[in-house]
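Student: one predicted model, sequence on top.
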Amino acid sequence: MILQTVLHAVFPPECLGCGARVESDFSICSTCWSDTPFVFGSCCDLCGVALPGQDASAERLICDECHANARPWAQGRAVMHYAGTGRKLVLGLKHADRAEIARAAGPWLARAGAALMQDDPLIVPVPLHWRRLAARRFNQAALLAKALAETSGRDWLPDALIRARHTASQDGRDREGRFRNLDAAIRVNPRRAAQVAGRAVLLVDDVMTSGATLSAAAQALLAGGAGPVRVIALARVARDV
């Protein structure tokens with residue numbers, strides 16, 4: 001406690017969004033909080049997109065996109081929409097080596113994913129191909145999965161899945177192109193097959209756009225005997241946000 005007090009005196013905690021001083025580590029200021037489109041209240045039960053004005057007490061709400069496109073997973077949630085400070089945080093984690101954002105996201109993911117924790121799921125991150133991992137030096141989905149596991153007290157398996165082939169970036173591709181790009185790209189790690197089979201799984205990624213990456217990962221887990229598979233993303237790209 002004394003060491004922490006000294007460190008705070010020398011290096012005051014800064015907002016993860018704008019760098020302003022805040023009272024505690026791994027937090028955001030009130031201004032950035034108001035500019036972060038967290039998903040509260042009613043949301044799609046498959047992708048987590050907010051559904052304002054819908055009856056939150058309804059048994060299950062499904063957005064139009066998920067009605068139109070079958071999902072291989074059972075349920076899904078998102079912490080925030082990919083906009084405002086939410087977009088800034090995701091990009092900071094993904095491209096600016098800001099691992100502290102993943103640590104802050106642990107409690108956010110646990111709150112958003114509370115309904116997905118039945119069956120004591122194994123927490124599994126979406127994998128990166130070794131070439132991309134070598135270039136980036138870390139897997140942001142694995143950092144998020146670890147933070148969620150530590151916050152929720154659940155088991156996690158960082159190498160449960162592998163990228164069987166290197167895929168080009170999803171940026172700039174339409175929905176069909178994104179799914180084609182990920183076709184058969186993800187598999188259960190043969191060394192972890194026994195640990196995956198028969199387990200409920202909570203699959204973690206940083207961003208859900210079309211759902212192609214999460215679909216490929218969920219299908220691999222189901223083919224490996226896991227289930228049910230549920231998903232959670234730090235941010236959900238939504239057309240109307």
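Tutor: Noted; the coordinates are in hand.
Student: quick check: what element follows the worst-scoring helix or strand of the chain on mean pLDDT along the chain?
Tutor: Least confident helix or strand of the chain, by mean pLDDT, DSSP states H and E, is helix 2-10 with a mean of 43. Going down the chain from helix 2-10, the next helix or strand is helix 30-34, by DSSP states H and E.
Student: need the next SSE after that following helix, C-terminal direction.
Tutor: Proceeding N to C from helix 30-34, the next assigned helix or strand is helix 64-68, under DSSP H and E.
Student: pLDDT on the helix or strand Trp108 falls within, on average?
Tutor: Assessed by DSSP H and E, Trp108 sits inside helix 100-112. Mean pLDDT, helix 100-112: 96.
Student: which strands or helices does that helix pack on?
Tutor: Helices and strands touching helix 100-112, by 3 or more C-beta pairs under 8 Å, 6 or more residues apart in numbering; DSSP states H and E, are strand 75-81, helix 84-95, helix 140-152, strand 229-236. Bear in mind the C-beta positions are built from the backbone N, C-alpha and C, glycine included.
Student: of the ones you listed, which shows the lowest average pLDDT?
Tutor: helix 84-95 (a mean of 93).
Student: and for that one, what's in contact with it?
Tutor: Residues from elsewhere that reach helix 84-95 (C-beta atoms under 8 Å, 6 or more residues apart in numbering): 16-17, 28, 32-33, 35-38, 80, 82, 98-99, 101-102, 105, 140, 143-144, 206-207, 234-235.
Student: buried ones in it, by neighbour count?
Tutor: Across helix 84-95, burial judged by 16 or more other C-beta atoms under 10 Å covers Gly84, Thr85, Gly86, Arg87, Lys88, Leu89, Val90, Leu91, Gly92, Leu93, Lys94.
Student: just those now: which is nearest Gly153?
Tutor: Leu93 (22.8 Å; C-beta to C-beta).
Student: wait, what's in contact with the nearest residue to that closest one once chain neighbours are set aside?
Tutor: Leaving aside its chain neighbours, Leu93 sits nearest to Ile101 (4.2 Å; criterion: C-beta to C-beta, 6 or more residues apart in numbering). Ile101 sits next to Leu16, Leu89, Gly92, Leu93 when contact means C-beta under 8 Å, 6+ apart.
Student: surely Thr209 touches Gln170?
Tutor: Yes. Using C-beta atoms under 8 Å, Thr209 is in contact with Gln170, at 7.1 Å.
Student: what touches both of these two?
Tutor: Joint contacts of Thr209 and Gln170 (C-beta under 8 Å, 6+ apart) are Arg178.
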